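[1] 3D, please:
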Amino acid sequence: MELKKKRVAGRVIKIFVFLALFVALLHGVSYLVTPQREIRIARTRSQQSLRVFNEPQNSLDVLIFGHSGAYSAISPMQMYKEHGIVSYVCAQPLQLPWESSRWLKGLLEVQSPKLVVFETDQLFYDKQTSVARNSLENIFYDTFPVFRNHANWKKWFGKNKKGERNLYKGYYYNTKVKPYTGKKQLVPTDRTYKIGKRHLQALEEVYELCSERGIPLMLLEVPSVIVWDYSRYNAVNAYAQKRGVHFTDLNQHLEEMKFDWKTDTRDKGDHLNYFGAQKVTEFLGRDLKANYDLPDRRADENYSAWNDDLVRYEKKINGGKS
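    Okay, the predicted model is just below:
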């Protein structure tokens, strides 16, 4: 009996030692594959969008923060082609305002934007939709970033050691068409949605970060028929007026954009497809040029790589190969 106990104790010790070594190994490997400090701040769920940190320092004029609605609706390469605006969509699925705030804080160490755009739909995510679901995940990934940052193996040990720039600049290209067939409309109301305290605090942090550096902040809502309503518009508009920032709700410009929910969404009204993004990007580009002092970089020799990117981008969207 005593011998059996010793054997069990020995096995337990071996398992404990193995787990300890495994944890130590993960920490060591995680150190190697963890991206720059700014990337860790962002607590990513999207390696593609975080390739913003592979752009040259102080080269981006517009930084756009939001969730999947933003990266589905805005194409920086199209905006560059039409207006010479150099921008990047810093968005990921279910992105929350405090993630946008941390991300902006990290990016401001390597970029000097002339405008920050905050897509407002992220202000209305609650615990049921995202926070509770992602809390344990973030703790795990912060402890073992090797799992989150597996794409960086290529950066450290492959040919692409310096990091490859993202051709789409954070935009998600998708041509699938699944129409919205409902009859929901944006009906004016006096009711105002109460933005959560933590969400509002994060927006305040973004505002303060921009104010301290003299960077204009723009609030933006992309077309959203599933969750957006006039009470949310009222809430954002009240904040915009309080802080004196520009707010554009594209849901109030659908006719002007010739937007059509039957052709311009990829999932029955929740996210836009490429055809919807073309219309949004064209309108947004004109809005930015009209309201902000943004340079046209198309003839700037320092941005010749963007012209090369544009050629490759157009080949991609036209079915060619880069």
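[2] quick one: residues contacting the residue nearest to residue 317 when sequence neighbours are not counted.
    Nearest non-adjacent residue to residue 317, counting by C-beta to C-beta, 6 or more residues apart in numbering: residue 173, 6.3 Å away. No exception for glycine: its C-beta is placed from N, CA and C like everyone else's. For residue 173, the contact set (C-beta atoms under 8 Å, 6 or more residues apart in numbering) comprises 75, 274, 316, 317.
[3] these two touch, right, the first one and residue 278?
    Yes: using C-beta atoms under 8 Å as the test, residue 75 is close enough to residue 278 to be in contact (7.3 Å).
[4] who has more neighbours out of the two?
    More crowded of residue 75 and residue 278, by other C-beta atoms under 10 Å: residue 75, with 29 against 17.
[5] name the helix or strand for residue 247, please.
    For residue 247, the element it lies in under DSSP states H and E is strand 246-249.
[6] one step back: now intersect the contacts of residue 173 with the helices, please.
    The members of the contacts of residue 173 that map onto helices under DSSP state H are 274, 316, 317.
[7] report how many residues lie close to the last one.
    It stands for residue 317. If we define neighbours as other C-beta under 10 Å, then residue 317 has 15 of them.
[8] any weak-confidence spans in the stretch 151-300 of the chain?
    151-163 (pLDDT under 70).
[9] which stretches of it form strands?
    Secondary structure of the stretch 151-300 of the chain (DSSP state E, counting those that start in this stretch): strands located at 217-221, 246-249.
[10] relative to residue 301, tell me which of those strands wins on proximity.
    Judged by C-beta to C-beta, the one of the strands of the stretch 151-300 of the chain that comes nearest to residue 301 is strand 217-221, at 28.5 Å.
[11] so which elements touch that closest one?
    strand 115-119, helix 197-213, helix 230-243, strand 246-249, helix 274-291 (3 or more C-beta pairs under 8 Å, 6 or more residues apart in numbering; DSSP states H and E).
[12] if we can go back for a sec, JSON lines for the strands of the stretch 151-300 of the chain, including mean neighbour count and distance to residue 257?
    Formatted as JSON lines, those follow (neighbours: other C-beta atoms under 10 Å; distance: least, C-beta to C-beta, whole Å):
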{"stretch": "strand 217-221", "mean neighbour count": "23", "distance to residue 257": "13"}
{"stretch": "strand 246-249", "mean neighbour count": "19", "distance to residue 257": "12"}
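[13] out of the ones you listed, nearest to residue 188?
    strand 246-249 (12.1 Å).
[14] on the three-state scheme, residue 94 is what?
    Under DSSP: H, G, I helix; E, B strand; the rest coil, the three-state class of residue 94 is coil.
[15] now the contacts of residue 173 in JSON lines, with distance to residue 257?
    Shown next, in JSON lines, are the contacts of residue 173 (distance: C-beta to C-beta, whole Å):
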{"residue": "75", "distance to residue 257": "14"}
{"residue": "274", "distance to residue 257": "14"}
{"residue": "316", "distance to residue 257": "24"}
{"residue": "317", "distance to residue 257": "19"}
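[16] all helices for this structure, in order.
    For the chain, the helices defined by DSSP H cover 2-33, 37-42, 68-73, 76-83, 97-107, 132-143, 145-148, 152-157, 197-213, 230-243, 254-257, 274-291, 304-317.
[17] show residues contacting the third one.
    Under the criterion C-beta under 8 Å, 6+ apart, residues 46, 49, 64, 89, 91-95, 119, 121, 170-172, 174, 220, 222-224, 266, 270-273, 276-277, 280-281 lie in contact with helix 68-73.
[18] now for the helices and strands packed on strand 217-221, which one comes closest to residue 258?
    helix 274-291 (6.5 Å).
[19] I'd like the distance from the strand holding residue 247 to the chain centre, please.
    With C-alpha atoms, centre = their mean, to the nearest Å as the basis, strand 246-249 stands 18 Å off its chain's centre.
[20] report the separation between the residue lying closest to residue 225 once chain neighbours are set aside and residue 262.
    Setting aside the residues directly before and after it, residue 225 is nearest to residue 269 in space (C-beta to C-beta, 6+ apart), at 4.3 Å. Distance of residue 269 to residue 262, computed by C-beta to C-beta, to the nearest Å: 10 Å.
[21] all good on my end, thank you.
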